[in-house]
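Trainee: Just the structure for this:
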Amino acid sequence: MSAGFAALAGALYLGKRKVVQEAHANVPYVILGTGLLWFGWFGFNAGSALGANGDAVIAFANTNIASATAMITWLFYERYMGRKMSAVSACIGAVVGLVAITPAAGFVNIGQSMLIGFVAAIICNWMIYLKNKSSVDDTLDVFPSHGIGGVVGMILTAVFANEVGLIYGETNTFYYHVLALFITVVFTFCGSYLLFKIVDVLLKMRVREDQEARGLDLSQHGEQID
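Mentor: The predicted structure follows:
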């Protein structure tokens, strides 16, 4: 969620690119990266239990189920909306599921993790569609996938968390999560925007238009992927 709102601040500060590259650079690398991320996320969520115990098992299972549900939901929703199913879309859906289940991984059951993955996929897909219609040039869709996915996961954790969730009649957890959500959004967005301005004063962040046209790999690093 922090990364998503920091990305939104960066996109708004830098503005739109002059040259937009629509094609994905390397689809097999996108799939490989998603697989590595998915595998690593097990250590991220299940490892938070700090032991080989029941909490680690349920966190591991929920992480996998939510991500798989989000991936499948994303693909079918794309088809339902008349858009093409693609490998990259599947990868985006999987990552959205991983993001959304993270705060809830050790505190919900399997059915609830599926619901979290499903809801996150629909909302984030819709947000990416809206983002594409706007002037926000978030190249990797970090805000609508990570940012909004994190928001959805945080709220649904407060709804479904074992014994302290909203569905169990407890309201304190929900209120605290909404408060933490507000604080995180304001702090991350405003802090990131301020940092972008400071860095831009010290070191110009926007490249020249001719450098942008050549591509940053080539113009800034002298490297090019064939």
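Trainee: which residues touch the residue nearest to the spatial centre of the chain?
Mentor: Central residue of the chain (CA atoms, centre = their mean): His146, 1.7 Å from the mean position. Shown in contact with His146 (CB atoms under 8 Å, 6 or more residues apart in numbering): 1, 3-4, 7, 95, 99. All C-beta atoms are positioned from the backbone trio N, CA, C, and that covers glycine.
Trainee: what does the model give the residue nearest to it when sequence neighbours are not counted for pLDDT?
Mentor: In space, and not counting its chain neighbours, His146 is closest to Gly4: 4.0 Å by CB to CB, 6 or more residues apart in numbering. pLDDT recorded at Gly4 is 95.
Trainee: One more: Phe42?
Mentor: 95.
Trainee: repeat for Ala121
Mentor: Reported pLDDT for Ala121: 97.
Trainee: how deep is Phe44 tucked in, by neighbour count?
Mentor: 14 (other CB atoms under 10 Å).
Trainee: who's in contact with it?
Mentor: With contacts defined as CB under 8 Å, 6+ apart, Phe44 is in contact with Thr102.
Trainee: What about it? Give its phi and psi, please.
Mentor: Backbone geometry at Phe44, expressed as degrees, to the nearest 10, gives phi -70, psi -50.
Trainee: Likewise for Gly51?
Mentor: Backbone torsions of Gly51, given as degrees, to the nearest 10, read phi 180, psi 160.
Trainee: burial of it, as a residue count?
Mentor: 9.
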